[in-house]
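Asks: when you get a sec, could you give me coordinates for this:
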Amino acid sequence: MKLRTSLMAAIGLAFAATAAHADINVGVTVSATGPAASLGIPEKNTIALLPTTIAGEKVNYIVLDDASDTTSAVKNVRKLISEDKVDVVLGSTITPNSLAMIDVVAESATPMISMAASARIVDPVDDKKRWVFKTPQNDAQMSTAIVEHMTNNGVKTVAFIGFSDAYGEGWYEQFSSVADARKLKLVANERFTRTDTSVTGQVLKIMAAKPDAVLIAGSGTPAALPQKAFKERGFTGKIYQTHGVANNDFLRVCGKDCEGTFLPAGPVLVANQLPDGNPVKKSATEYITKYEAAHGKGSVSTFGAHGWDSGVLLAAAVPTALKKAKPGTKEFRAALRDALEGLKEVPAAHGIFSMSANDHLGLDQRARVMVQIQNGAWKLVK
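Replies: Got it, this is the predicted structure:
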C-alpha cells in the first residue's frame, strides 16, 4: 500500500510539472495556394521566423493552408481549436476567410489575430469580435490617404472597381464615404471576382463615364487584371490601387502597365526611404533584415509583415497572460485576449500598436505612407 501511495504521488507530481510547463500552441491558417497565394506565401514564410520561446515558454506553430477558400479556412480553424488545442489563432490571409472564422473562435473563446484588412473583422467590438484582433491597416485609414492625394492633385471625378466580395464591399463603403465628405464625385461602381479572366465590360462602362481617376480595390495578382485592361484601352487618368497589392508578384504580373500607379501602404514597404526620425523605421527594418536573410534581398512584402506583426503582438501579450494562467487552459486564452487588448505603443513592421476595448487594430497615421510605382519599384511619395 505504501509503495502504491508513493507511486501515485510521483505520478501526480509528474502530471503537475507537465501542466505547469505546457507549451503555447499557436494555430495558423494562411492562403498559401489559390488566388491569394502571393499574399499567403510570405505570411507562411514569416511564421517560420517567429520566436520559438516567449517568456521562457516553448511555442509551437501549427500551420495550415486554406487555399484562399472560406470553407477551408473554417475547417482549418475548427481543427486547430478542437484537435490541436491551440491557445490562439493567427490568420487568415484574406477578409472573407477571416470573417468566416469569427464565429468559431468566439464560440470556443479563443483569441484570433487576423492578417486581413477589412475593418469589418474587428469593428464594432461586440461579444464575438471581442476575441478578434488584426494587424493590417483599416480600409478607412487607407481610403483617407487616397482621397487626400486625389484632391491635392486635381482629381474631381473618380470611378471604383473592386472585388465582388467582402474586401471590395468594405473598400467601397469606406472610400465612398470619405470621397463624399471631401466633395469627390464617384461616377462609376463596378465589381469583378478574384478568378475572372476578363473585365472588359466593366472597364468600358467606367471609361464611358470619363473619370479623372480610377481606384481598383483588389489584392494580390488578381488586382492587375483591371489595371492592364485600362492601359490596353488607353485610359490616361490616374490609377490608384489599395495596400492589397503591395508585393513583388503584383509588380511582376502587372509589369509596365503599373507605371505611375499610386497606393497607400504600410511604411515597411519603403522602410529604407523613410527619414531616420520615422518612429517605424527601426522596427520595420528589423523584420526586413530577418526575412531577407532567409529569402534573399528584395523578397519582402507587406503581407509577410502582417504575419510578423501578429507575432510581435503575441510576444508582447504572452508575458502578461502567463502571470494569470498556464497555456492550454481556457483561463490562459482569456488572459491572452485581455493582454492583447491592453497593449500600448508596441513597435512593429507596419506601425505602432495601441489596443483598447473599442479598438482591436490599434494603428494610427504612423502606419501609412503614399507610394508610387516608378520603374518597376516602390517609391515613397514625399
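
Asks: could you pull out the buried residues of stretch 310-328?
Replies: Going by neighbour count (16 or more other C-beta atoms under 10 Å), the buried part of stretch 310-328 is 310-318, 320-322, 325-328. No exception for glycine: its C-beta is placed from N, CA and C like everyone else's.

Asks: try stretch 249-267
Replies: Using 16+ other C-beta under 10 Å as the test for burial, stretch 249-267 gives 249-251, 253-254, 257-258, 261-267.

Asks: what about Asp276, neighbour count?
Replies: By the criterion of other C-beta atoms under 10 Å, Asp276 has 6 neighbours.

Asks: tell me which element it falls in.
Replies: For Asp276, there is no host helix or strand (DSSP states H and E).

Asks: which of the buried residues of stretch 310-328 sits closest to Ile373?
Replies: The closest of the buried residues of stretch 310-328 to Ile373 turns out to be Ser310 (C-beta to C-beta; 27.0 Å).

Asks: how about the stretch of helix or strand the closest one belongs to as PDB, C-alpha atoms only?
Replies: Assessed by DSSP H and E, Ser310 sits inside helix 302-322. The C-alpha trace of helix 302-322 is given here as PDB (Å, rounded to 0.1, in the frame of the first residue of the first chain):
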ATOM      1  CA  THR A 302       3.900  44.000 -46.700                       C
ATOM      2  CA  PHE A 303       1.800  40.800 -46.300                       C
ATOM      3  CA  GLY A 304       4.600  38.900 -44.700                       C
ATOM      4  CA  ALA A 305       5.000  41.900 -42.400                       C
ATOM      5  CA  HIS A 306       1.300  41.500 -41.300                       C
ATOM      6  CA  GLY A 307       2.300  38.000 -40.200                       C
ATOM      7  CA  TRP A 308       5.300  39.300 -38.400                       C
ATOM      8  CA  ASP A 309       3.200  41.900 -36.600                       C
ATOM      9  CA  SER A 310       0.800  39.200 -35.400                       C
ATOM     10  CA  GLY A 311       3.900  37.500 -33.900                       C
ATOM     11  CA  VAL A 312       5.000  40.800 -32.300                       C
ATOM     12  CA  LEU A 313       1.600  41.300 -30.700                       C
ATOM     13  CA  LEU A 314       1.600  37.800 -29.400                       C
ATOM     14  CA  ALA A 315       5.100  38.100 -27.900                       C
ATOM     15  CA  ALA A 316       4.100  41.300 -26.200                       C
ATOM     16  CA  ALA A 317       0.900  39.900 -24.700                       C
ATOM     17  CA  VAL A 318       2.100  36.400 -23.600                       C
ATOM     18  CA  PRO A 319       4.200  37.500 -20.600                       C
ATOM     19  CA  THR A 320       1.200  39.300 -19.100                       C
ATOM     20  CA  ALA A 321      -1.100  36.400 -19.700                       C
ATOM     21  CA  LEU A 322       1.300  33.900 -18.100                       C
END
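
Asks: quick one: the helices in the protein?
Replies: 2-20, 37-47, 70-82, 95-108, 139-152, 166-181, 200-208, 224-232, 248-254, 281-295, 302-322, 330-341 (DSSP state H).

Asks: closest one to Met355 among these?
Replies: Once these are compared by C-beta to C-beta, helix 330-341 is nearest, at 5.1 Å.

Asks: other SSEs contacting that closest one?
Replies: Applying 3 or more C-beta pairs under 8 Å, 6 or more residues apart in numbering; DSSP states H and E, one finds that helix 330-341 contacts helix 302-322.
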